[in-house]
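S.K.: Need coordinates for the below:
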Amino acid sequence: MSEIVLRRPARPVRVLRQGLTLAWRGLLKIRHSPDQLLDLSLMPVTFVVLFTFLFGNAVAGDWHSYLQFVLPGVAVQTLVFASMNTAVAFNADLRSGIFDRFRSLPVARSAPLIGRVLGDAVRNAISLAVVMAVGFALGFRAHGSPAAVLAACGLMLLFSLSVCWLGALIGLLGRSPESMGGIAFVVVVPLTFGSNVFVPTGKLPGWLQTWVKVNPVTQLSDAARALMQGLPVGHGVQNSLLWTLAIVVVFAPPAVFVYKRRV
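M.R.: Model prediction:
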C-alpha cells in the first residue's frame, strides 16, 4: 500500500527565513542587470531636483527654503511610487513561470510572496537613501536629532512596506504587466498629489483640504517633517503608524489569498 505523505505547515520562523533568502536572490539580480539601478537612483534624483526648482520660487519665494519643506514629502512620494513597482514585477513573475519552479522546491508556498515584498522594501530603502543624499547635497538641513531623523526614515520605510502589499495585490489581480502602469497611476496620483507634499495644507482650496487632511501621505509627510526639523510631532507619528497597520491588515490577507489561488 502506498503511503500518503502529508506536508506539514511551515513554521513562521522558517517561512520568514525562506522569504529572506528569496529576497536576497531577487536583490542579486541587480549585480547581473545594473540597469535596474536606474529605477532606484534616477527617479529619486529627478523628483528632488525637478520639484525643488520648479515649485520653490512659486510656493516659498526661495527654492532653498522650499527644499526644507518639500524634501520629506518628496521622500514619501518616491517611496509610494517605488512601492507600486511591486505590482509590475509580481505580474511579470506570474507570467514568466518562476512560481512553477518555486513550487518544485522545498519552500513554503508563501515564501516567494514574502521574499518579493521584502526585496522591494530593500530597494525602497536605497531610493530613500538617494533622496536624502541629494537633498543634503542641495542644502537640506535637518534640525532634529540623529535619532529623530532615523525615526522619520524608519516611519517612511514601514509605510512603503505596507504599500508593497497593495502593489502585490494589484499585481496578482492584473491581467498583464502593461496594465499595471495605468492601475498604479490611478492609485498613486490621488495619494501623492492630493496631499501636502508640495504645498502646505492651508494654501490649498477648502474643498481639497478635506481629503488632504485625512490622506495617509499627508499624515506621514507631516510626521517626517516634524521629526527631521525638531518640531512637535503631535499625533502625526501615531496616525502614520495606524495608517501603516491598516493598509497591511486590509491588503496583506487578500494578497496572500489571491496568491495561493493563482500560484
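
S.K.: only C-alpha atoms for contact and neighbour calcs from this point on.
M.R.: Noted.

S.K.: Quickly note the distance from I170 to V214.
M.R.: Distance of I170 to V214, given as CA to CA, to the nearest Å: 23 Å.

S.K.: between those two, who's got more neighbours?
M.R.: I170 (22 against 12; other CA atoms under 10 Å).

S.K.: Quick check: which element contains the more buried one?
M.R.: Assigned by DSSP states H and E, I170 belongs to helix 146-173.

S.K.: Could you give the average pLDDT over the next helix or strand after that helix?
M.R.: Of the helices and strands lying after helix 146-173 in sequence (DSSP H and E), the nearest is helix 177-192. The average pLDDT within helix 177-192 is 79.

S.K.: for stretch 242-262, same thing?
M.R.: The model assigns stretch 242-262 a mean pLDDT of 89.

S.K.: okay, now V13: neighbour count?
M.R.: 9.

S.K.: hang on, I meant S179
M.R.: When neighbours are counted by other CA under 10 Å, S179 registers 14.

S.K.: OK, contacts around the nearest residue to N124 once chain neighbours are set aside?
M.R.: Of all residues not flanking N124 in the chain, L79 sits nearest, at 5.9 Å (CA to CA, 6 or more residues apart in numbering). Residues near L79 by CA atoms under 8 Å, 6 or more residues apart in numbering: N124, S127, L128, M156, L157, S160.

S.K.: now whichever strand or helix holds Q18, how far from the chain's geometric center?
M.R.: Q18 belongs to helix 12-32 when assigned by DSSP H and E. Computed by CA atoms, centre = their mean, to the nearest Å, the chain-centroid distance of helix 12-32 equals 18 Å.

S.K.: which residues are contacting it?
M.R.: Applying CA under 8 Å, 6+ apart, the contact partners of helix 12-32 are 36-37, 107-108, 110-119.

S.K.: re the thing from before, I'd like the next helix or strand past the helix or strand where the residue nearest to N124 lies.
M.R.: L79 is located in helix 63-83, with elements delineated by DSSP H and E. On the C-terminal side of helix 63-83, the nearest following helix or strand under DSSP H and E is helix 85-96.

S.K.: Lovely, talk soon.
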